[in-house]
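**Student:** sequence and predicted structure are below.
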Amino acid sequence: MSAPGRPKRESSLGEEVAQRPEGRPSGAPNRPKRESSPGEEVAKRPEGRPSGAPNRPKRESSPGEEVAKRPEGRPSGAPLDQEAQDSHWMAQALAQADTVMNLTTPNPRVGCVIVRHGECLGAGATQQAGGPHAEIMALRDAKARGHDLAGSTFYVTLEPCSHYGRTPPCVDAVIAARPARVVVALTDPNPQVGGRGLKRLREAGIEVVQGVASEAALAQNPGFVGRMTRGTPWLWLKLAGSIDGRSALHNGVSQWITGAAARQDGHLWRARACAVLTGIGTVLADDPQLTPRQGRILRLPRKIVLDSRLRLPVDARLLDGTPTWVFTTERAPPRDAELAHRHAEVVRLPAGNDGRLDLSAVMRWLGEHDINEIHAEAGPRLSGALLQAGVVDELLVYQAPLLLGDAQPMAQLPARDTLPEGAAFEFIDVGQVGADLRLRARHAERWSALRRAIAV
């Protein structure tokens, strides 16, 4: 629970501000909804800024200067108790992680803030794979500003790594700085770490505090946690349609039902994902590019086409040189070499009982190949198939103020004879994007399973 006066922070993609309910006494502590899909928002987005746009500091400053701010509403000089201080500074570490939401894959998004006596000495966030982690960036920032870190507190959104990967163990650098305390939001779900970093810190005589803002940290990294604990990525399914749930007219015309602002917002979600997935039906009908074209494009997500019979044209616009996986069945024709010339790798998996791709097998394969998050955009048939296969973790729905009547559905699902006893999805955010609504709903049980896996 947020302490009174906890600062608002710049949010990860898609996070929304927890607004004060109408009629609620002014000055009562704000508690963020913190329901994020891949992330939740705790800082109010400036009017006119595209929802989900990458967060940038408002002024030119070092990372430490940007986060060393007094909590809003707290009198100057008023002390914070330890729990409130930990909440405040962890919020700043989360804000650091927000700045790299589109950058770190396949590594998690991590932020770090180093504090002593209420002053931020250094701050940083994990860089591209192979680059420095958050703790190293914060240490560099503190060194550049001439600070000795003995007796300080490190606030880090994920347990410092304790193994050699692309970089040396961060826990060694943290111990060498001689802090008094290390406060972490999440224990690392990576079995190569899994509490070993915290054990090393305690053995070095450093006080360790766990679980501060753990829900928010999980919301920044559901894909990484999912890949490490269940072996599959976190998949959100983007749907767009009318108020009555229609995505195209009966003749297939769909451009455009939602407005330009909603389409731009969808591009920001593409940019966040490790991969953008669609089906061969959409490719043949619309010839999409599947590239993000809004926001800070720090890297291009991989493209994925599900194509059971390997019908993908070699001149499809999505084959633009971006690495692409084309999933097909073992019985599909041998066109691997032909597509390889267009930077498309054919992945052959066994067919399901219906002769089509086994979608659960596709997700397992992607998890084994370091994919954390997937943005799925497809036609009604594949959208329905993904939902029926139980591989959708979150819905990202754009709804236009239109009624289309007898037209194509957003997702093709079988008829039901009875109403479900409980909702599989829970709304975590509803907001207006231009003239349209954006609704986000998270699969309740799949989210709960992630929380249980890392004891949040």
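**Tutor:** It's in. Since the model is a prediction, treat every value here as computed from it, not as a measurement.

**Student:** what residues sit buried inside the lengthiest helix in the chain?
**Tutor:** Using DSSP state H to define each element, the chain has its longest helix at helix 82-98. Residues of helix 82-98 classed as buried: 84-98 (neighbour count, 16 or more other CB atoms under 10 Å). In this view, the C-beta of every residue, glycine as well, is placed from N, C-alpha and C.

**Student:** any idea how far that helix is from the middle of the chain?
**Tutor:** 19 Å (CA atoms, centre = their mean, to the nearest Å).

**Student:** show me what it is packed against.
**Tutor:** Packing partners of helix 82-98 (3 or more CB pairs under 8 Å, 6 or more residues apart in numbering; DSSP states H and E): helix 63-67, strand 111-116, strand 119-125, helix 134-144, strand 153-158, strand 181-186, helix 214-220.

**Student:** export these to a markdown table and tack on distance to H343, mean neighbour count and mean pLDDT?
**Tutor:** Supplementary listing: the helices and strands packed on helix 82-98 in a markdown table, determined by distance: least, CB to CB, whole Å; neighbours: other CB atoms under 10 Å; pLDDT from 0 to 100:
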| stretch | distance to H343 | mean neighbour count | mean pLDDT |
| --- | --- | --- | --- |
| helix 63-67 | 36 | 22 | 44 |
| strand 111-116 | 34 | 28 | 98 |
| strand 119-125 | 30 | 24 | 97 |
| helix 134-144 | 32 | 22 | 97 |
| strand 153-158 | 33 | 30 | 98 |
| strand 181-186 | 36 | 26 | 97 |
| helix 214-220 | 31 | 25 | 96 |
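
**Student:** can I get the longest helix of the chain in PDB, CA atoms only?
**Tutor:** Only the C-alpha atoms of helix 82-98 are listed here, as PDB (Å, rounded to 0.1, in the frame of the first residue of the first chain):
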ATOM      1  CA  GLN A  82      11.300   3.900   7.000                       C
ATOM      2  CA  GLU A  83       8.400   2.200   5.300                       C
ATOM      3  CA  ALA A  84       7.300   5.400   3.700                       C
ATOM      4  CA  GLN A  85      10.900   6.200   2.600                       C
ATOM      5  CA  ASP A  86      11.300   2.700   1.100                       C
ATOM      6  CA  SER A  87       8.000   3.200  -0.800                       C
ATOM      7  CA  HIS A  88       9.000   6.600  -2.000                       C
ATOM      8  CA  TRP A  89      12.400   5.600  -3.300                       C
ATOM      9  CA  MET A  90      11.200   2.300  -4.800                       C
ATOM     10  CA  ALA A  91       8.700   4.400  -6.800                       C
ATOM     11  CA  GLN A  92      11.700   6.300  -8.200                       C
ATOM     12  CA  ALA A  93      13.500   3.100  -9.100                       C
ATOM     13  CA  LEU A  94      10.300   1.900 -10.900                       C
ATOM     14  CA  ALA A  95      10.300   5.200 -12.800                       C
ATOM     15  CA  GLN A  96      13.800   4.500 -13.900                       C
ATOM     16  CA  ALA A  97      12.700   1.100 -15.200                       C
ATOM     17  CA  ASP A  98       9.900   2.800 -17.100                       C
END
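
**Student:** count of neighbours near the nearest residue in space to A361 that is not next to it in sequence?
**Tutor:** Leaving aside its chain neighbours, A361 sits nearest to L349 (5.2 Å; criterion: CB to CB, 6 or more residues apart in numbering). When neighbours are counted by other CB atoms under 10 Å, L349 registers 17.

**Student:** tell me the contacts of L349?
**Tutor:** F327, T328, T329, E330, L357, D358, A361, V362, W365 (CB atoms under 8 Å, 6 or more residues apart in numbering).

**Student:** in CSV: those residues, plus neighbour count, distance to L284 and secondary structure.
**Tutor:** Listed next are these as CSV, based on neighbours: other CB atoms under 10 Å; distance: CB to CB, whole Å; DSSP: H, G, I helix; E, B strand; the rest coil:
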residue, neighbour count, distance to L284, secondary structure
F327, 26, 16, strand
T328, 25, 15, strand
T329, 18, 17, strand
E330, 8, 22, coil
L357, 25, 16, strand
D358, 18, 22, coil
A361, 15, 23, helix
V362, 22, 19, helix
W365, 16, 23, helix
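
**Student:** quick check, nearest of those to N190?
**Tutor:** W365 (19.7 Å; CB to CB).

**Student:** verify the stated contact: the closest one with E345.
**Tutor:** No. Taking CB atoms under 8 Å as the definition, W365 is not a contact partner of E345, at 11.8 Å.

**Student:** so, low pLDDT: which residues of this structure?
**Tutor:** 1-80, 165, 252-254, 295-296 (pLDDT under 70).

**Student:** ok so, going back, of the contacts of L349, closest to L437?
**Tutor:** The nearest one, if we look at the contacts of L349 relative to L437 and count by CB to CB, is V362, at 30.4 Å.

**Student:** so that closest one touches L306, yeah?
**Tutor:** Yes. Using CB under 8 Å, V362 is in contact with L306, at 6.9 Å.

**Student:** out of everything not next to it in sequence, what's closest to G431?
**Tutor:** Excluding its sequence neighbours, the residue lying closest to G431 (CB to CB, 6+ apart) is R438, at 5.4 Å.

**Student:** for that neighbour, give the beta-bridge partners.
**Tutor:** Y398, G431 (DSSP bridges).

**Student:** what distance do you get for it to R196?
**Tutor:** From R438 across to R196, the span is 40 Å (CB to CB, to the nearest Å).

**Student:** same question for A240.
**Tutor:** With CB to CB as the criterion, A240 and R196 are 45 Å apart.

**Student:** in what helix or strand does D265 lie?
**Tutor:** helix 260-272 (DSSP states H and E).

**Student:** helices or strands up against that helix?
**Tutor:** Packing partners of helix 260-272 (3+ CB pairs under 8 Å, 6+ apart): strand 234-242, strand 373-377, strand 394-400, strand 425-433, strand 436-443.

**Student:** so which bits of it are buried?
**Tutor:** Residues A261, A262, R263, Q264, D265, G266, H267, L268, W269, R270, A271, R272 are the ones in helix 260-272 that count as buried (16+ other CB under 10 Å).

**Student:** go on, stretch 222-232?
**Tutor:** So stretch 222-232, judged by 16+ other CB under 10 Å, has buried residues P222, G223, F224, V225, G226, R227, M228, T229, R230, T232.

**Student:** what do you get for stretch 324-341?
**Tutor:** T324, W325, V326, F327, T328, T329, A332, R335, D336, L339.

**Student:** what's next to the helix or strand the last one falls within, contact-wise?
**Tutor:** If I follow you right, that is L339. Secondary structure assignment for L339, by DSSP H and E: helix 336-340. For helix 336-340, contacts defined as CB under 8 Å, 6+ apart pick out L312, V314, L319, V326, E345, V346.
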